[in-house]
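Q: everything below, folded, please.
(one chain, ligands or ions: 1)
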Amino acid sequence: MRRIWSDKCIVLGVTGSIAAYKACDLASRLVELGAEVVPVLTKSAREFVGAASFEAITGQRAITEMFEPVQNPAIEHIALATRASLFIIAPATANIIAKAAHGIADDWLSTTLLATRAPILFAPAMNSNMYSHPATIANIELLKSRGCHFVGPESGRLACKTIGPGRLIDVQAIIEAATPLVSGNHELAGKRVLITSGGTREPVDPVRFLGNRSSGRMGRALALAALARGAEVTVITGPAHVAPPYGARVVEVETAAEMAEAVAKHAPKADVVIAAAAVADYRVKAPSVQKRKRDGAPVTLDLIENPDILAALGKSRRKGRILVGFAAETERLLENARAKLQKKNLDLIVANQVSVADSGFEVDTVKGAILDRAGPNEEFPLCAKEEFAERLMERIVALANAESDSSGIGRANFVPGG
Ligand SMILES: Cc1cc2nc3c(=O)[nH]c(=O)nc-3n(C[C@H](O)[C@H](O)[C@H](O)COP(=O)(O)O)c2cc1C
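A: Predicted coordinates:
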């Protein structure tokens, strides 16, 4: 993420909503990601939050007036409209959405929205009746038809004490929705990427299960890396400890059998399949219908083998589909991973060293190696899963390009940095 946001100029438009205070957090997170954030506050926004907060957070003078004497030519409205990589309007009132839809330019923000050709992302926040009003619906549709982007709102309890759609979506979701817009990377545009993520749960009885320590962090990082390259991403996830990646289609499953069924349904359309889920090899043959009671006697669970999702994908793969697996190993890491790569007919396998501290399940970091069929192993040191996901995605793009070149189809959708 940092690599994508670093040094990008983001105009953060803040409008007159009770949720305006949340824009301080957004500004702070964008600055943390390395972006240059120029805050713009409408007159109404300043009834809710002060310019001083944004100036302290961003280190930039907040723009509040249209007709102030020009102190810094770099933030004069046309200059900034041209220089900005992205406009984020958060929170976006019904008013700014209406003004943008109809080309009204009566303050700095609305004027600059007309002048810019940078992508624009609106994060609406308003009362449910305002949001569902035909005028607002039509304005949003009009802006979408012109290529503007929207994230949220979500449903929930609103400041006006009603419950319904209109609450500003979570700041992290705004950042995730904005990342593909700011990345300028279209290496996977038009490609469908299917990712399995999280762990599975095999029921023992109605309240107990056999599971594993997978948190879903790796699948989430991979999904965000693919989305940032313009891919259409589907994530099939077992129960996870992390929020689903914004922008991906998410299919929730619980057991290995359910995951196998979902994969069989979605894989045929996928150009890339990354099997990052920790799928149980075995399930309880006859889970108890009633909750098991302790009675002092030892218990034996009869286990039977689950479907091998990766092997099935390896057998049924169509030409051109890239198939990536994961091998979580506690011993003979590279040897075991290479055997799995060959046995399951994969293009790439990630040897995930789960025997060292801070690598593997339930943590934010990973250590291991990426293996392909021919080349040398690419070992990587302990690193953040986000960083690793970038590395793996680069390998996938390189493979896809090589595939396009050898098939003579051309690499229209796989142009590095395109
Ligand atoms: C307490 C209060 C809260 C408001 N919250 C919202 C809101 O969440 N969304 C919205 O669209 N308008 C809200 N409004 C109305 C806007 O502030 C008003 O439409 C204003 O003209 C918006 O100006 P701007 O879009 O230039 O910031 C609120 C008004 C008040 C007094």
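Q: which of the three states applies to P91?
A: Recorded secondary structure, P91: strand (DSSP: H, G, I helix; E, B strand; the rest coil).
Q: quick one: residues contacting it.
A: For P91, the contacting residues are 14-15, 17, 19-20, 22-23, 123-125, 168, by Cβ atoms under 8 Å, 6 or more residues apart in numbering. The C-beta positions use only the backbone N, C-alpha and C, and glycine is treated the same way.
Q: please narrow the residues you listed to those residing in strands.
A: 14, 123-124 (DSSP state E).
Q: name the member of those residues with the most neighbours.
A: Within those, V14 tops the neighbour count with 33 neighbours, counted by other Cβ atoms under 10 Å.
Q: which residues does that one bridge with?
A: With DSSP bridges as the criterion, V14 is bridged to L41.
Q: pLDDT value on it, please?
A: We have a pLDDT of 98 for V14.
Q: and G184, by the same measure?
A: 84.
Q: excluding its backbone neighbours, what's nearest it?
A: Nearest residue to G184, sequence neighbours excluded (Cβ to Cβ, 6 or more residues apart in numbering): S85, at 7.8 Å.
Q: got a list of what the one you found touches?
A: 8-10, 118, 182, 184.
Q: which of those residues sits closest to the ligand?
A: Nearest to the ligand among the contacts of S85: I10, at 18.7 Å, using Cβ to the nearest ligand atom.
Q: related to what we said a few turns ago, among the contacts of P91, which are in reach of the ligand?
A: 15, 17, 19, 125 (Cβ under 6 Å from any ligand atom).
Q: how much space separates the closest residue to the ligand within the stretch 151-300 of the chain from R167?
A: Closest residue of the stretch 151-300 of the chain to the ligand, Cβ to the nearest ligand atom: A159 (6.7 Å). Distance of A159 to R167, given as Cβ to Cβ, to the nearest Å: 9 Å.
Q: overlap in contacts, the two.
A: Joint contacts of A159 and R167 (Cβ under 8 Å, 6+ apart) are A19.
Q: which one of those two has more residues nearby?
A: Per other Cβ under 10 Å, whichever of A159 and R167 has more neighbours is R167, with 24 against 12.
Q: what about the residue lying closest to E47 once chain neighbours are set aside, neighbour count?
A: Leaving aside its sequence neighbours, E47 sits nearest to G16 (Cβ to Cβ, 6+ apart; 6.2 Å). For G16, the count of nearby residues is 18 (other Cβ under 10 Å).
Q: so R338 is in contact with L371, correct?
A: Yes - taking Cβ atoms under 8 Å as the definition, R338 is a contact partner of L371 at 5.7 Å.
Q: between these two, tell me which one has more neighbours.
A: A direct count of neighbours by other Cβ under 10 Å for R338 and L371 places L371 higher, at 25 against 18.
Q: what packs against the helix or strand where that one lies?
A: L371 belongs to strand 365-372 when assigned by DSSP states H and E. With contacts taken as 3 or more Cβ pairs under 8 Å, 6 or more residues apart in numbering; DSSP states H and E, strand 365-372 sits against helix 333-343, strand 348-353, strand 378-384, helix 385-407.
Q: quick one: that strand to strand 348-353, angle?
A: Strand 365-372 runs at 140 degrees relative to strand 348-353, counting by axes from the mean of the first three to the mean of the last three Cα atoms, to 10 degrees.
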